[in-house]
Structures are given as structure tokens and as C-alpha cells.
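K.L.:
I would like to see how this sequence folds:
(3 chains)
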Amino acid sequence: MPNRLTRPLILGYTPTPQGEAALELAITQAQLHNAALVVVNVSRAESYVDTNLAEDSQLKALDNILQASGLEHEIIQHIGRDPATDILDIANSREAAMIVLGLRRRSAVGKLLLGSTAQSILLNADCPVLTIRA
Amino acid sequence: MNNLESLLGGFATVISPENLLFALIGVTLGTLVGVLPGIGPAVTIALLLPVTYNFSDPVGAFIMFAGIYYGAMYGGSTTSILLNTPGESASVATALEGHQMARRGKARAALATAAIGSFVAGLISTLLLAFVAEPLGRLAVTFRATDYFALMVLALVAVTALVGSSLVRGLISLCFGILIGFIGLDNQSGQARFTFDNPALFDGIDVVLLIIGLFAIGETLYVMVKGRTRPGQVTPLEPKQPGTFMWLTRSEWRRSIPAWLRGSAFGFPFGVLPSGGAELPTFMSYTYEKNRSKGKNEFGSGAIEGVAGPEAANNASFSGVLVPLLTLGLPTSATAAVLLAAFQIFNLQPGPQFMTKSPDLVWAVIASLFIGNVLLLALNLPLIRLWVKVLQVPRPVLYASILVFASLGIYSVSGSIIDVMIAFGIGIIAFFMRQFDFPVAPAILGAILGPELELQFRRALTLSNGNLGTFIERPLTVVILLLALLALLLPYLPKITAKLRGRSPATAGKLSFGDED
Amino acid sequence: MHELDEDHASTSKTGPFIVAAVMLVAGVVLLFQTFRIPGEGFDPQGPRFFPLCIVLAWLVLSAIYLSTHILKIIRTGKGEAAEKFTRMVPAAILIVALIIYALVLDSVGYLIATALFFIAAARVLGSRNWARDITVGVLLSAVLYFAFTQALGVRLPEGILGI
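P.N.:
Below is the predicted model:
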């Protein structure tokens, strides 16, 4: 069985409150298990303004935080059709130990209309998924 | 003063709760759509033309269109400042300094100087319009058919030469438009032309169909094929600073006011001249402000004059464009062409007769410009965050909605499926035009002015009993035709001067501007 | 898998050839059509003169376009301006959707036709969210239908719903 310590944690990150909360959690967990942290920022980029896609300054800030944490880390930014699939693909290819996600508070109607990346990941992941609400 | 009386009379006609509501709707819709990159005021007005079909009163419609225009311009500036993506071509200059200001935490100041500057410029230029319209109208009555012919040649040539990056392609586009204008029964001889023996084409192709097809449908197909642009994030507004009036500090006011005046000085005359839209004066203003402030060195990192000047020029040019439109019936930009089509829907034909036969209407139009302007300022500053939310709507939804609106517009114009198909066909052609860099504005102007051009040509010949020399008899005609020739050569001036100075002409490009207004 | 904007200053060798060919063919067709306009000769005051001038100008300009293209290829190896043709299949599907929309409008009625069209168009344009598309499609169609028929008095097809 592969050494748990060499399998990375995957963080689904967005520059939002829930993303920041998940970042904090992911760093703590990675430090705990002495694992590498792969931060994935994915968005459909469907609109002209997308608050989920990190800008250069935000990516830099992210990098600084990761450097300070002392963890082995990698930042991947990606624009794709389906963020859930993209995150799962990365998790599978890296044989991730765990996926960490931030959840946004949604009303019942919101959940219906807007779909849920988190739900899709939760139901389809091969590894444990850790979530935290903003 | 007589003009002032007439203007006040215009206000009396226009100010009614109904009309104010229309202005409100216009400004709102215009801003919402203007915020979207690539959709300019011309398209917005075209999409909303069918809404006005059943209006009994053209004033209501026009006041809405004025609101739409101002709203669209302001929406474009908002996107430029906050997102660094110009809402449309005339906002490119604003994006240069405006976005830098936003990044340095001065977004509110940038937005304020744009809005207030637009208002001031609109005020000044509408006043100019009010005082210039009547004398010009009287002058226009003395024009003969040859003069009109020459003027239209000037307009068509100037717009074609200045828009797009290749004269040949612009001229092809122009011919395309004129050819479309030929379709149908010839007005003077009653003969069917280019109808391919199909009676459905006897009425020709409605201008509204053409514009919606070319702009709305063509644009959507183009956006679709272009792929995804990388989305950005909206630069946040800094918190309101104390000691500011309407978001501007005293020194910002001091710097902006002269820039607004200078911008208006650029905007109005160039709006009057056939220059294809608001781009030319906007860029001239920007370049002037930049050169003027060489000592201050702030350009490139957010100089407020770089926003104040171009925005004022932008707005002033709209009133300028209305001068030839109202007095001569001559559209000098794509937006003007759409407005002309709007007038024709109400069976109004702008031109010298227009001023003398329905002066009340003209003054009402001018008064509605003021009102649209005021509403723009009142509404848009406080509601910025709302407009920007539009940008968060996913693009598939946005463009599918535009297609729905476009189809609705076409159907309500004619009620005929064939016309809808024709419009789609035109949209496909527009798409290929965009792909191969053929400008679209000359096509629209060609389609609208082509028939008029021919009419004046034949009328001139009838008056002179078939003597072609009549076109060089009147000195006015000759002067205008020479100006047209000059306009043809003007964009190539950089190249010509480069050759004359012995530099390589390859480095000097052709002057060119976008064609979305 | 990045689908970001391509560079805009792109050129093509074959595209402009096809464009020039189409334009020249169209020009010849139009020339014939010009001759079919009833009338004798080409009296400048008559209906045939102006079209003739414009069609001739069109042919000349198309020829110039073709030759500049050829010259550019010879001189620089690159042809005239032409943007890349990506995603043509979805674009074609969109056009087909538009055509179908126009055809069924009268029979099915505005409300249903528009709602269906919206959903199809949004999907083709890249949307992946059925719930959102269906909701917006139905709402938008309903709002437009009632606004235009009731408030603005524009006639829109009732179709099978008979509203």
C-alpha cells in the first residue's frame, strides 16, 4: 500500500470566503499528515466577470501563504467545462489522499437552480472529501 | 431669443410622466446592454426599435433612444474602468487611464468624472445643437440636388475611409450595402431590381432587418466562434472619501472641468463631420490631453484628464451627429443610421423640410436629449454595482437572450418568416465579414444612403436635362466632392508623410477606428 | 484544454481565396441581374445606371482584393486578414436552430418555440446547466410574450397553446 505521506491533498480553491476557509483547513490537514498540497482553481469562466477565477494578484497572495506554510505545494489554474470533473481528474491522476472543498451557503432554490460542483465531487470521488462551510 | 423660446416649448412637450418613464427605461436598458463588451448603442437601439412600433407618439420613442444611447456609452465606460475591457470601441481611451485609476483605488473618481463629464458635455453640445440647428436648417434648404449628392458621397467615403483597417475591404462593404439597398422596386421607374423574380423581395429589405441581422446575429455568431475570453474580476470600488462632492475631490474637480470643456470642443465638431462615430474625437481628446500634460507624467498610471476628456468628447459627439441627421437627413455613423431608420418608422423624414414643417418635434427631440442626460447622471453613479452584476450572467444565457430579442424584433417588424430567414442570412454574411475583417458600418450606411444617393443623382440630372457636367457647376458641390477625395486620402497620411520623409512606410500604419458606433 | 482567445492578428491563405471567388461569382450574377432590369441602354437617369456602376465597382474591388492577397502571399508568405475558424460545428448547429425556430414559430406558437430555442441556443453556446436554462427560457419567453402582446399590442403566434 503506498505510503500515505506521499499522496497529496487536493484543494478546490476559489478566491471567496468559502475558498479561503477551505485553504486554511487544507493547510492544517496537509501539515498534520506531512503531505503535499495541490491547489486547484477551476472555473467554467462562462461570464465576463467570474469571481471564482483567481487573478494574478490573488494567485501571488496564495503562493505567499503556501510558501509561509512550509508545505510542498503546487498551484494549478484551469478553465474548463465542468469544474467537478476537472478536480476529480486531477485527484485521480495524483492518487490524492483527500480532497478539501469549501461550501457556500445556499437556499433550497439556489441549490436547484445553480447546480453544485461540491455535490458532484462528493458523490463521485474515490478518496475522502473534507468540506467546510464558509 | 427665439431659439430659447422654442427650446422651452420643446421641454413643455417632452416633460410628462410617461416620457420620463421612457427615458428611465432607455437609460437603464442602455446601460445594462452597454456594459456588455461588443454590444454598442447602435445594436441596442436596433434591438429595441420594434418595441416602439406601436407608440403613437415619436417623442416617447426618441426620448427612449436618447436614454439608450447615453446609457450604452456610460455602460461601456464603466466596463472599461472597472474591468479593463472596453464596453465598446469608443471606450478604449477611457480604459487606458480609467482602469489605472481604478487599480490605484480611485475607481469612484474615474466613474464620477466619466459620468459628470458626459453630463456636462451633453449639456454643452445639446445647447450648441439647439442654436445651430435652425440656421443650418435654413442653409440646408438652399442646397441643390448636386450638393446633397456630394454630401452623401462625402459621408460614405469618409466613414469608409476611417473605419476598419483596409480601404479596399471598406469599399467592398460599402458596395455590399448599396447593392442591398437596390433590392426591390425602383422608386422612380417602378422597375424591379435584383429581385430574382421573387415578389417577396419587391419591398426590398427593411433597414431594421439589416441592422439586426448584421449586428445582433452576426455578433453572436462571431462571439461564439471566437471562443472564450478569459474572464476578469471587477476592480472593487474604494470606500467614499470624506471631503468629496459627488465622489470627486476639489483638485479632481479642478482638473476635470477644463478637460471636460476641451473634450466637448473635440467631440461636437467631429460628431458633425462624417467620421464614423465617437471614436475619432475620443482618441483625439486622449492624445491631446496626454501631450498637454507632458510635464506631469501621470499618464499611464491614472491621470484623471485621460478619462475626463475622452468621455466628454464621446458624449458631445452624439449631439454633433444629430446636426447633420436632423438638418440634412444625413447619418454620419452607424448609430445615426439606426436613428434615421427609427424616424422613418414614424413616417418622419429628417432633413431641411423637417425643421420647417415640424419644428415642435425637433425641439422636443433636443429637449429629450437634455432629459436623458440628466437621468443618466442621476441614475448611474449610485447604481454601479447593479450594472456590473450583468457581467456575471453567464455568456450563453446573455447571447441566447440577444438572439431571442433579435428574432422577436425581426418578426414584429414584418410578421413574415421569409424576412426572418433573410435576416439570419444577413447575420451569417456579417459573421464572415467579421472573420475576414470587413467592416460592417459602411454596409449599413451604404444600404441607407444608397437609395438617397441615387435619387439625388438622378434628380440632379433631370434638373439639368441630362447634363453630367452639372456636378461641377456649383462651387459648393465641387468643394464637397474635393473634401470627399481628401477624406479618402486622409487615413493614408501617416504612410504618405513617412514616404516623403524617407522612412519605411511599412512602419506607419493606416489610421483606423472601430465601427461599432 | 485551455480554450482562451486566439491571437487576433491572424491571417489565412485559403480563406481569402474562397472569399474572393465567392465575391467574383456574386458579382457576375449581379451583373446579369442588372441586365435583366427592364430598360434600354444605360441612361444615367434610368434604373440601370447606378446598379451597373456599383456592380462594376464591386467586381473591380474584388479583383483588387484577390490580387493584394496573392501579392501578400508572394511577398511575406502570409495572406490577408482572416481569423481562425474554430468551433464551426456549434456555430452551424446554432444557425440550424435559428432556422428551425423560424419555421415552427407559427405552428407551435411563440411561447413554446422561443422557450425551446432559448434552451437549445444556450446549450450550443456552452451552457451546461439545464435547470437554469429551462427556467430562464420559460420565464423570458413568457415575459416577452405577454409584454409584447398585452402591453405593446404586437401580434405574436399563438400556436397550439391558444393563449
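K.L.:
Could you use CA atoms for every contact and neighbour count after this?
P.N.:
OK.
K.L.:
got the contact list for B:Ser407?
P.N.:
Contact analysis of B:Ser407 by C-alpha atoms under 8 Å, 6 or more residues apart in numbering or on different chains lists B:Val420.
K.L.:
what do you get for B:Ala158?
P.N.:
B:Pro274, B:Ser275, B:Gly276, B:Ala484, B:Ala487, B:Leu488.
K.L.:
what sits against the last one?
P.N.:
When you say that, I think you mean B:Leu488. Contacts of B:Leu488 by C-alpha under 8 Å, 6+ apart are B:Val157, B:Ala158, B:Ala161.
K.L.:
can you pick the most crowded of the contacts of B:Ala158?
P.N.:
B:Gly276 (32 neighbours; other C-alpha atoms under 10 Å in any protein chain shown).
K.L.:
per-residue confidence for that residue?
P.N.:
Residue-level confidence at B:Gly276 comes out at 63, pLDDT.
K.L.:
Output the lowest mean pLDDT helix or strand found in chain A.
P.N.:
The helix or strand of chain A with the poorest confidence is helix A:108-114; it has a mean of 62 (mean pLDDT, DSSP states H and E).
K.L.:
Does A:Leu130 lie in a helix or a strand, and which?
P.N.:
strand A:129-133 (DSSP states H and E).
K.L.:
For chain A, state which of the contacts of B:Ala158 is nearest.
P.N.:
B:Gly276 (27.6 Å; C-alpha to the nearest C-alpha).
K.L.:
re the thing from before, turn the contacts of B:Leu488 into a markdown table, including pLDDT and secondary structure.
P.N.:
Compiled in a markdown table, those are given as follows (pLDDT from 0 to 100; DSSP: H, G, I helix; E, B strand; the rest coil):
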| residue | pLDDT | secondary structure |
| --- | --- | --- |
| B:Val157 | 86 | helix |
| B:Ala158 | 82 | helix |
| B:Ala161 | 81 | helix |
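K.L.:
Output those residues in a markdown table; the columns should cover distance to A:Thr6.
P.N.:
Below are those laid out as a markdown table (distance: C-alpha to C-alpha, whole Å):
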| residue | distance to A:Thr6 |
| --- | --- |
| B:Val157 | 70 |
| B:Ala158 | 69 |
| B:Ala161 | 65 |
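K.L.:
Chain C versus the residue of the stretch 401-517 of chain B found nearest chain A, what's the distance?
P.N.:
In the stretch 401-517 of chain B, the residue that lies nearest chain A is B:Ser401 (13.9 Å; C-alpha to the nearest C-alpha). As judged by C-alpha to the nearest C-alpha, to the nearest Å, B:Ser401 and chain C stand 7 Å apart.
K.L.:
can you give me the helices for chain C?
P.N.:
Applying DSSP state H to chain C gives helices spanning C:14-35, C:49-76, C:88-108, C:110-124, C:130-146.
K.L.:
before we move on, the earlier item: the contacts of B:Ala158 in helices, which ones?
P.N.:
B:Ala484, B:Ala487, B:Leu488.
K.L.:
Name the residue closest to the centre of chain A, please.
P.N.:
A:Gly12 (1.0 Å; C-alpha atoms, centre = their mean).
K.L.:
Report the separation between that one and A:Ile90.
P.N.:
10 Å (C-alpha to C-alpha, to the nearest Å).
K.L.:
Likewise for B:Val323?
P.N.:
62 Å.
K.L.:
And A:Ala45, by the same measure?
P.N.:
19 Å.
K.L.:
in chain C, what spans have low per-residue confidence?
P.N.:
C:1-9, C:153, C:161-163 (pLDDT under 70).
K.L.:
does any bit of stretch B:22-34 sit next to chain C?
P.N.:
No - Stretch B:22-34 lies apart from chain C when judged by C-alpha under 8 Å from any C-alpha of the partner chain; the minimum separation is 13.5 Å.
K.L.:
Identify all contacting residues around that stretch.
P.N.:
B:39-41, B:44, B:60-61, B:63-76, B:87-88, B:371-372, B:375-376, B:387, B:390.
K.L.:
among these, which are in helices?
P.N.:
Counting by DSSP H, the contacts of stretch B:22-34 contribute B:41, B:44, B:60-61, B:63-76, B:371-372, B:375-376, B:387 to helices.
K.L.:
so what secondary structure elements neighbour the top helix by length along chain A?
P.N.:
Looking across chain A with DSSP H, the single longest helix is helix A:17-33. Identification of packing neighbours for helix A:17-33 by 3 or more C-alpha pairs under 8 Å, 6 or more residues apart in numbering or on different chains; DSSP states H and E yields strand A:9-12, strand A:37-43, strand A:98-103, strand A:129-133.
K.L.:
out of those, which comes closest to chain C?
P.N.:
Using C-alpha to the nearest C-alpha, the helices and strands packed on helix A:17-33 put strand A:37-43 closest to chain C, at 11.3 Å.
K.L.:
who does that closest one pair up with?
P.N.:
strand A:9-12 (parallel), strand A:73-79 (parallel) (DSSP bridges).
K.L.:
Show me the least confident stretch of those, going by mean pLDDT.
P.N.:
strand A:73-79 (a mean of 89).
K.L.:
Tell me who's in contact with the nearest residue to A:Ile76 once chain neighbours are set aside.
P.N.:
Excluding the flanking residues, the one nearest A:Ile76 by C-alpha to C-alpha, 6 or more residues apart in numbering or on different chains is A:Val40, at 4.8 Å. By C-alpha under 8 Å, 6+ apart, the contact list for A:Val40 reads A:Ile10, A:Leu11, A:Gly12, A:Tyr13, A:Ile75, A:Ile76, A:Gln77, A:His78, A:Ile87.
K.L.:
can you redo those residues as TSV with distance to C:Leu144?
P.N.:
Shown next, in TSV, are the contacts of A:Val40 (distance: C-alpha to C-alpha, whole Å):
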residue	distance to C:Leu144
A:Ile10	46
A:Leu11	43
A:Gly12	40
A:Tyr13	39
A:Ile75	46
A:Ile76	43
A:Gln77	40
A:His78	37
A:Ile87	39
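K.L.:
just the residues you listed now: which is nearest C:Phe118?
P.N.:
Distance to C:Phe118, by C-alpha to C-alpha, is smallest for A:His78 among those, at 28.2 Å.
K.L.:
Look up the residues forming beta bridges with the closest one.
P.N.:
A:Val42.
K.L.:
Tell me how many other residues surround it.
P.N.:
When neighbours are defined as other C-alpha under 10 Å, A:His78 has 19 of them.
K.L.:
doesn't A:Val39 make contact with it?
P.N.:
No - using C-alpha atoms under 8 Å, A:His78 makes no contact with A:Val39, being 10.9 Å away.
K.L.:
Give me the phi and psi for the residue of the stretch 301-450 of chain B found nearest chain C.
P.N.:
At 4.4 Å from chain C, B:Phe436 is the closest residue in the stretch 301-450 of chain B, using C-alpha to the nearest C-alpha. Backbone geometry at B:Phe436, expressed as degrees, to the nearest 10, gives phi -100, psi 20.
K.L.:
What separation do you get for it and B:Leu36?
P.N.:
Counting by C-alpha to C-alpha - B:Phe436 and B:Leu36 are separated by 23 Å.
K.L.:
Between the two, tell me which one has more neighbours.
P.N.:
B:Leu36 (25 against 21).
K.L.:
so is that one in a helix, a strand, or just coil?
P.N.:
Following DSSP: H, G, I helix; E, B strand; the rest coil, the label given to B:Leu36 is coil.
K.L.:
pretty sure it contacts B:Gln392?
P.N.:
No - between B:Leu36 and B:Gln392 there is no contact under C-alpha under 8 Å: 10.3 Å.
K.L.:
mind listing what the nearest residue to A:Ser47 once chain neighbours are set aside touches?
P.N.:
Distances taken as C-alpha to C-alpha, 6+ apart put B:Pro394 closest to A:Ser47, at 4.1 Å, once the chain neighbours are dropped. Contacts here follow C-alpha under 8 Å, 6+ apart; on that basis B:Pro394 touches A:Glu46, A:Ser47, A:Tyr48, C:Ser127.
K.L.:
I am finished for the moment; much appreciated.
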